[in-house]
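In: the sequence and its predicted three-dimensional model are supplied below.
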Amino acid sequence: MRTSLDSYLGIHPQALSLEAQRNELLAANLANVDTPNYKARDIDFKAALAAASGSAAGGTTASATGNAAAPGSSLPLTAATSATQPQAGTVGSAAAVGGGIASSALKYRVPMAPSLDGNTVDEQLEQSAFAENSVRYQATLTFLNSALRDLMTAITGS
């Protein structure tokens, strides 16, 4: 049940949570840059945010083919299914790292140049995605702080 505070803050609390979970996934990718057969994972942010906010996931929020790009990047993703992409020696599991993420939003990154050992993590791309997501997280946090500060000003009158 949505309260007036939920409607006042909008979608930003859900976005903040998803950005934090995406940072965890990207950090796990970076931690496993040298792990053989590790498959880099990411979140289809539009689909995850639509699922978290309770919106209907229509044709505009998720790709019908399962191939989408992370927001603000051109990194292609493919559907994450344990049957098609085994994980060997991972630091974080999908349940531990992406526990709150809808399964349709958790994707494997399509490698631009896969390594001989089967690892699909590109360290520079992961670092770039991590930095971009951290900036988005900070911007969302700043917006929420401002909105809550405005609400406190309205309540206290000063």
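Out: Received the coordinates, thanks. Quick caveat: nothing in here was measured; it's all calculated off a predicted structure.
In: out of everything not next to it in sequence, what's closest to residue 119?
Out: With Cβ to Cβ, 6 or more residues apart in numbering as the criterion, residue 119 has its nearest non-adjacent residue at 5.0 Å, and that residue is residue 38. Glycine gets a C-beta too; all of them are placed from N, C-alpha and C.
In: so the one you found belongs to a strand, correct?
Out: No: read with DSSP: H, G, I helix; E, B strand; the rest coil, residue 38 is coil and lies in no strand.
In: got phi/psi on residue 106?
Out: Note on residue 106: backbone dihedrals following degrees, to the nearest 10 are phi -80, psi 120.
In: what number of residues lie near it?
Out: Neighbour count of residue 106, defined by other Cβ atoms under 10 Å: 22.
In: tell me the buried residues in the longest helix seen in the chain?
Out: The longest helix of the chain (DSSP state H) is helix 123-156. Residues of helix 123-156 classed as buried: 125-126, 129-130, 132-133, 136-137, 140, 144 (neighbour count, 16 or more other Cβ atoms under 10 Å).
In: wait, residue 25 sits on residue 43?
Out: Yes: counting by Cβ atoms under 8 Å, residue 25 does reach residue 43; the two are 6.4 Å apart.
In: count the residues that sit near the residue nearest to residue 119.
Out: With other Cβ under 10 Å as criterion, residue 38 counts 24.
In: for residue 10, same thing?
Out: Using other Cβ under 10 Å, residue 10 is surrounded by 13 other residues.
In: report the contact partners of residue 16.
Out: 137, 140-141, 144 (Cβ atoms under 8 Å, 6 or more residues apart in numbering).
In: all strands for the chain, in order.
Out: Listed in chain order, the strands of the chain (DSSP state E) span 41-43, 68-69, 76-79, 106-109.
In: pull out the buried positions in the last one.
Out: By that I understand strand 106-109. Buried residues in strand 106-109, defined by neighbour count with 16+ other Cβ under 10 Å: 106-109.
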